[in-house]
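A.B. asks: what's the 3D shape of this:
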Amino acid sequence: MALDDARPALVGVLMETEGKSLSMVATDSYQFAKNAMPIEEEAPEKRVVVPGKTVSEIGRMLEEEEGKAELTFSRTHMKADMGSTVLISRLIDSDYIDYKRILPKSCKTRVLVDRDVLMESVDRAQLVSREGNNSVLFKIGPENMTVKAESVVGKIEDEITAQVMGDGLSIAFNPKYVLNVLKNVESERVYLECNSPINPCVIRPVDDESSFYLIVPMRIF
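C.D. replies: Below you'll find the predicted structure:
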């Protein structure tokens, strides 16, 4: 989520219900995450923006409570009932972005890679990149992928085994955004889906179709 209220809706989380599914969307304009989950009872289509602090508090409460949570929405408020604990919060009265228009429909380069290997490599590269332009370069070849970073303190270049489908590509990211995704993915392998060095890259867990992440790349001159 965004940290400032220049765009009020982005400091919250978009919750959408449709049928027996609840999806949650968050973005700060540089990184995007969507997660969908099943719900027990069919719900009407609804689209509300919940304050980020409320979502964080619900998450904390769910770690302490066992059992089910019931969410109730009115036009202006939401209630989260977790049995022994009830939280009521005002909704954000602002339209969320039409995120479906910005999501890539296809990709020219698709990379299948081990999550832990990529995460460790990016973490190492981050230590070097902090003293430079704070970027990590992914150089995707026909049979592997190289993670590179360079600054005044040194240089790192890790070659990672990967299954590459499509065109070769070099694309740079803020390592923090990449690690934000990888640390919250439980799948052992992930797909990286790219179109060009300036278009957003999609990260998808291999065995979790309910999760979808997108990162805006950095321009390196």
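A.B. asks: where does the chain have its least confident helix or strand?
C.D. replies: Least confident helix or strand, the chain: helix 52-64 with a mean of 89, by mean pLDDT, DSSP states H and E.
A.B. asks: Could you export stretch 166-173 as PDB, CA atoms only?
C.D. replies: Extracted in PDB, the C-alpha atoms of stretch 166-173 (Å, rounded to 0.1, in the frame of the first residue of the first chain):
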ATOM      1  CA  GLY A 166      10.600 -16.700 -25.200                       C
ATOM      2  CA  ASP A 167      13.000 -13.800 -25.800                       C
ATOM      3  CA  GLY A 168      16.100 -12.900 -23.900                       C
ATOM      4  CA  LEU A 169      15.900  -9.800 -21.800                       C
ATOM      5  CA  SER A 170      17.700  -7.500 -19.400                       C
ATOM      6  CA  ILE A 171      15.500  -5.800 -16.800                       C
ATOM      7  CA  ALA A 172      16.400  -4.000 -13.600                       C
ATOM      8  CA  PHE A 173      14.400  -3.800 -10.300                       C
END
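A.B. asks: Show residues contacting that stretch.
C.D. replies: 107-110, 135-142, 194, 196-197, 201, 215, 217-220 (CB atoms under 8 Å, 6 or more residues apart in numbering). From N, CA and C alone the C-beta is placed, and that goes for glycine too.
A.B. asks: again, only using 6 Å
C.D. replies: 108-110, 135-141, 194, 197, 215, 217-218, 220 (CB atoms under 6 Å, 6 or more residues apart in numbering).
A.B. asks: Just those residues: which are in strands?
C.D. replies: Taking DSSP state E, the ones among these that sit in strands are 109, 110, 136, 137, 138, 139, 140, 194, 215.
A.B. asks: Which segments of this protein make up each domain?
C.D. replies: Listed by automatic domain parsing, the domain ranges of the chain are 8-101, 109-215.
A.B. asks: and residue 2, which of those domains is closest to it?
C.D. replies: Among the domains of the chain, the nearest to residue 2 by CB to CB is domain 8-101 (3.8 Å).
A.B. asks: so how far is the closest one off the chain centroid?
C.D. replies: 16 Å (CA atoms, centre = their mean, to the nearest Å).
A.B. asks: And that domain, end to end?
C.D. replies: 20 Å (CA to CA, to the nearest Å).
A.B. asks: before we move on, what about stretch 173-189?
C.D. replies: Counting by CA to CA, the terminal residues of stretch 173-189 are separated by 19 Å.
A.B. asks: Residue most distant from the centroid, this structure?
C.D. replies: No residue in the chain sits farther from the centre than residue 84, which is 31.3 Å out by CA atoms, centre = their mean.
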